[in-house]
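Visitor: Give me a model of this one.
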Amino acid sequence: MEKELRLIHNSKNMVISYAHFTRIWKTHLPEYTISVTSDFTKCSTCTELSAAFQKAQTDNILQRIAELKQQHDSLDENERVAYHEARQTAVSTHGR
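Guide: Numbers count the residues shown, from 1 in each chain. You can find the predicted model right below:
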């Protein structure tokens, strides 16, 4: 595993694919598993809003939940854009 990581580290492109990472993981660390889901794979707000939407019985409540979902999605998208912009700035500043 150390040899493979050194080869990758010495190459120009230091990022490996997820598929390659999992191959290395399965070969050298088979006793550890990578969970398919984690606390970050599902948004709790989205889950709660979806459940509330399914339980809603009036058009007013459905409309309000849809508005909340739209606001949440907009906020989420803005956070995602800010993250990627900051990441790109860091990459261009530090050369990675």
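Visitor: any idea how far residue 48 is from residue 32?
Guide: 32 Å (Cβ to Cβ, to the nearest Å). Where you see a C-beta, it was placed from the backbone N, CA and C, and this is true even at glycine.
Visitor: neighbour-wise, which of those two wins?
Guide: Neighbours were counted for residue 32 and for residue 48 using other Cβ atoms under 10 Å; residue 48 has more, 13 against 8.
Visitor: Need the pLDDT of that one.
Guide: pLDDT, residue 48: 94.
Visitor: distance of it from residue 60?
Guide: Distance from residue 48 to residue 60, counting by Cβ to Cβ: 19 Å.
Visitor: Kindly report the same for residue 20.
Guide: 52 Å.
Visitor: When the two are compared, which one has more neighbours?
Guide: Ranked by neighbour count (other Cβ under 10 Å), residue 20 and residue 60 place residue 20 first, with 12 against 9.
Visitor: Quick check: the more buried one vs residue 29, distance?
Guide: Note on residue 20: its distance to residue 29, by Cβ to Cβ, is 14 Å.
Visitor: what about the helices in this structure?
Guide: 2-10, 18-28, 44-55, 59-94 (DSSP state H).
Visitor: Over to the residue of the chain most remote from its centre: give its phi and psi.
Guide: The C-alpha centroid of the chain is most remote from residue 58, which lies 34.0 Å away (Cα atoms, centre = their mean). Here is the backbone geometry of residue 58 (degrees, to the nearest 10): phi -120, psi 160.
Visitor: returning to that earlier point: can you put the helices of the chain in JSON lines and add distance to residue 36?
Guide: JSON lines is the format used below for those (distance: least, Cβ to Cβ, whole Å):
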{"stretch": "helix 2-10", "distance to residue 36": "24"}
{"stretch": "helix 18-28", "distance to residue 36": "12"}
{"stretch": "helix 44-55", "distance to residue 36": "16"}
{"stretch": "helix 59-94", "distance to residue 36": "22"}
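Visitor: Many thanks, we can stop here.
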